[in-house]
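Q: mind looking at a prediction? Sequence and model below.
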Amino acid sequence: MNIRLLSLILLFTAPGAFAAGGDESPAPDIQHIVSTTPVPRSCQVEPATLVYLDSQGVSHTLNYKVMGTCEGGV
């Protein structure tokens, strides 16, 4: 499993695990990742998109933010 996929799984599952007194959300039904936005080389938080199919074959789009790799300095 690559680090990017592991990061996305943690993104979905960790907030429910750490919510104080809230209902736990079930893990998302991700059966196939169609596409992801490449991590930018900037030193800032940038918008990103994940498109995936669930077990019923329904396409879902998730918009989130990702920290750039900050290659080339600050």
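A: That came through fine. Numbering: from 1, shown residues only.

Q: spit out the contact partners of residue 45.
A: 65-68 (C-beta atoms under 8 Å, 6 or more residues apart in numbering). All C-beta spots, glycine's among them, are computed from the backbone N, C-alpha and C.

Q: pLDDT on the one helix or strand residue 47 maps to, on average?
A: Element membership for residue 47 (DSSP states H and E) is strand 45-53. What strand 45-53 shows for mean pLDDT is 92.

Q: before we move on, the earlier item: and the contacts of residue 45 as JSON lines, adding neighbour count, distance to residue 36 and pLDDT?
A: Converted to JSON lines, the contacts of residue 45 look like this (neighbours: other C-beta atoms under 10 Å; distance: C-beta to C-beta, whole Å; pLDDT from 0 to 100):
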{"residue": "65", "neighbour count": "9", "distance to residue 36": "13", "pLDDT": "91"}
{"residue": "66", "neighbour count": "20", "distance to residue 36": "9", "pLDDT": "90"}
{"residue": "67", "neighbour count": "13", "distance to residue 36": "15", "pLDDT": "88"}
{"residue": "68", "neighbour count": "13", "distance to residue 36": "15", "pLDDT": "86"}
